[in-house]
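S.K.: I would like the atomic coordinates for the input below:
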Amino acid sequence: MKFLKYILLFLLIVIIGAAIYIATLNGKYDIKSSRIMKAPAALIFENINDFKNWQHWGPWYEMDPTIVASYPEITSGVGASYSWTGKDGTGSMKTISLVPNKGLIQQIDFGTGSTPEVYWDITETETGNKVTWGMRGESSFTEKAYWLTQGGIEKNMKPMYNRGLELLEQHILSEMNKHSFKIIGEIDYGGGFYIYQSTSCKIQDVDNKMGEMFEAVINYMKENSIEASGKPFLLTHNWDEINNTTMFSTCVPVKERVITTGNVLTGFLKPQKTFKTIFYGSYQYSHKAWEAAYKELAEQGYTALENSEPFEVYSVRPTDNPNPAKWVTEIYIPIN
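M.R.: Alright, predicted model coming up:
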């Protein structure tokens, strides 16, 4: 009987000692991971700001396929939240503050007695946007005891954050690369006045030149209070793949003839019969739509007008939506 009392006393001492040890452990932590992503900051922010997007890249969905997420009416911006249930229990998260396209702070509740802060930071670098995802807080007594048996909170949580950023990048790049096109066919294009800049360059330099020139034309319009009457378009005067050169104009429609100065000029696009195709996606894939359009118009018995100048209208541009998959380009080929 005395032996049993000694055993119980020993166990009590061990329990008390362990409790004192755990209670004196430093429970503060700050766990974070970073990854360089070749994606627009606005698109990265869009995918972390709206909790409904987390289902596409959240690493916990790999770890626990039974997780079921519940969403309230507001899922993005300050005050947004969501909750979940899974094999390991329930939890919830809400957004406390944010700086658009730069970062945000959220609060997570695992129902274990503490509510750590989750934070995101998006920083532009020479090689892409550096995305940092972290969590900081202080573990409760129960949490400290649990993590002590698991080898520490950072050992267990950091791999999940690394995997989450990897999945986030994969999802974003996959979304950015989506593209398609739709053949519309013969359509009469109304034409009209436009102001423009022209240049010639190597074919591979078109995107950079085009961006600079559109910006110059639009700034000229703002400075001179000129109102646009339609979407900007690019008029191709010459496309020479053999010599890898092109000549084109970046144009913005206006209601009437405008007297311009400097290297911004006024032009007129005559009404004409065209073959129309709509392309959805990044400009790097638009050649597929152009090739399909020329092939289809020939199969339908049309002929591209000799010495004509095909053009493309940018219905939805990078300034309208950061996701290239959402860009919309209308292709017009003049026909007989």
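
S.K.: Run through the strands of the stretch 1-150 of the chain in chain order.
M.R.: Assigned by DSSP state E, counting those that start in this stretch, the strands in the stretch 1-150 of the chain fall at 28-37, 68-70, 81-86, 89-99, 103-109, 117-125, 128-138.

S.K.: closest one to residue 228 among these?
M.R.: For the strands of the stretch 1-150 of the chain, the distance to residue 228 is smallest for strand 117-125, at 29.5 Å, taking Cβ to Cβ. For glycine as for every other residue, the C-beta is placed from the backbone atoms N, C-alpha and C.

S.K.: how about residue 78, what does it touch?
M.R.: Applying Cβ atoms under 8 Å, 6 or more residues apart in numbering to residue 78 gives the contacts 95, 96, 97, 98.

S.K.: Quick check: the second one touching residue 108?
M.R.: No. Between residue 96 and residue 108 no contact is recorded; they are 10.6 Å apart, counting by Cβ atoms under 8 Å.

S.K.: Name the residues contacting each of those two.
M.R.: residue 117.

S.K.: rewinding a little: just the buried ones from the contacts of residue 78, in ChimeraX syntax?
M.R.: In ChimeraX, a selection of the buried entries from the contacts of residue 78 looks like this (16 or more other Cβ atoms under 10 Å):
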select :95,98
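
S.K.: and the gap between residue 58 and residue 74?
M.R.: Using Cβ to Cβ, to the nearest Å, residue 58 is found at 19 Å from residue 74.

S.K.: Who has more neighbours out of the two?
M.R.: A direct count of neighbours by other Cβ atoms under 10 Å for residue 58 and residue 74 places residue 58 higher, at 20 against 15.

S.K.: And the closest residue in space to that one that isn't next to it in sequence, what's its pLDDT?
M.R.: Nearest residue to residue 58, sequence neighbours excluded (Cβ to Cβ, 6 or more residues apart in numbering): residue 164, at 6.6 Å. What the model reports for residue 164 is a pLDDT of 96.

S.K.: Is it correct that residue 164 is in contact with residue 56?
M.R.: No. In this structure residue 164 lies outside contact range of residue 56 using Cβ under 8 Å: 11.3 Å.
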